[in-house]
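Novice: sequence? don't have it. structure:
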C-alpha cells in the first residue's frame, strides 16, 4: 500500500445527485481493515462490472456493505480485498470538492442516513448534493431562487 491517488471518471447514475456522470473522482488507496468510516465513497472491483463507486453504509465482521445514493437496495457484501480506494476529492466542471476532511467526513455520514431514509421517501435523494455546498454557495443559491 503506497497511498497512491488515482483519477477515475464517474459513469452512470447510481450516486446521483451527489456524483454526476463525467465527474472526476480522486481516489486514494486505503487499508480497508483500518481506515474506513460509514459514509465513505469507495471504489471497488466487482465481478460483473469493472469498477463501482458506492457509499459505505454498513460494516459487519469482514464484510462491507455499500449502496449507491440513487439506488434503493444495498449491494452484495464486498470483501476488504476488493476495495481499490476511498474518494477523497471530486472535480465537477470548474469546482473541486474535498471530502477527506473532518467536515467532509461528517457530511458523508449524514448522507448515509439521508440516503437510507430516501429509500422510503424517494424525494430526498436529490437534496443530498446540498451537503457538499459551502455555506456561501448555499446562501447564493437560496437568494437566487427566492429573490428572483
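Specialist: Alright, I've got the coordinates. Keep in mind the model is a prediction, meaning the values are calculated, not measured.
Novice: averaged pLDDT, stretch 16-32. What do you get?
Specialist: Averaging pLDDT along stretch 16-32 yields 86.
Novice: show me where the protein has helices.
Specialist: Per DSSP state H, the chain carries helices over the ranges 102-118, 135-147.
Novice: surely residue 39 meets residue 56?
Specialist: Yes: between residue 39 and residue 56 there is a contact at 6.6 Å, judged by CB atoms under 8 Å. Just so you know, the C-beta spots here come from the backbone N, C-alpha and C atoms, and that holds for glycine as well.
Novice: okay, the two: which has more neighbours?
Specialist: residue 56 (24 against 20; other CB atoms under 10 Å).
Novice: so what pairs up with the more buried one in the strands?
Specialist: For residue 56, the residues forming beta bridges with it (DSSP bridges) are residue 66.
Novice: relative to residue 70, how far out is it?
Specialist: 16 Å (CB to CB, to the nearest Å).
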